[in-house]
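Peer 1: I'd like to go over a predicted model; first the sequence, then the structure.
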Amino acid sequence: MELTVLLIGAVVYLLPCGIAYQRKAGAANGIMVLNVLLGWTGLGWIGALVWAIAAPAPVQEDGRAEEKRCPQCAEWIQAQALVCKHCGSRELVVSAPLTPVAADNLDMGKLRPCEDEFAKWQREQAGSR
């Protein structure tokens, strides 16, 4: 009985640490230090919990989140993914036609593979309907 109460107390005491590490918060180590050193005061525990919940998700250099959910299977995939690695869904690809850009700013040879893949994808979508 005493061991059960002790384990439940430890889990509740370290809850802010668990939330921070599960959310991959950038300040997870700081949250852990605050929680372990000042959590016993109650105010330190509440501060660590609020910090863990409010901590922003990690962001890449280009400003986008590292992961997103697939709209078909709801699994986490990389933000740049065009095809879901879990279910193979291509619903991540924007189905709207690409907008033209100034040709003098582009090497048209580099666009060929993308155009070929997009055309292949369009044919697959037309065939599945």
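Peer 2: Great, that's in hand.
Peer 1: so where do the helices sit in this protein?
Peer 2: For the chain, the helices identified by DSSP state H occupy 2-13, 15-22, 28-38, 43-54, 108-128, in order along the chain.
Peer 1: tell me the centre residue of the protein?
Peer 2: Central residue of the chain (CA atoms, centre = their mean): residue 67, 2.9 Å from the mean position.
Peer 1: so what's that one bridging to?
Peer 2: Taking DSSP bridges, one obtains residue 78 as the residues bridged to residue 67.
Peer 1: any idea how far residue 2 is from it?
Peer 2: According to CB to CB, to the nearest Å, residue 67 and residue 2 sit 41 Å apart. All C-beta atoms are positioned from the backbone trio N, CA, C, and that covers glycine.
Peer 1: now do residue 15
Peer 2: Relative to residue 2, and taking CB to CB, residue 15 is found at 21 Å.
Peer 1: please identify which of those two sits among more neighbours.
Peer 2: The residue with the greater number of neighbours, taking residue 15 and residue 2 and applying other CB atoms under 10 Å, is residue 15; the counts read 16 against 6.
Peer 1: circling back: CSV please, covering the helices of the chain and showing distance to residue 74 and mean pLDDT.
Peer 2: Converted to CSV, the helices of the chain look like this (distance: least, CB to CB, whole Å; pLDDT from 0 to 100):
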stretch, distance to residue 74, mean pLDDT
helix 2-13, 27, 92
helix 15-22, 17, 89
helix 28-38, 25, 90
helix 43-54, 22, 92
helix 108-128, 21, 66
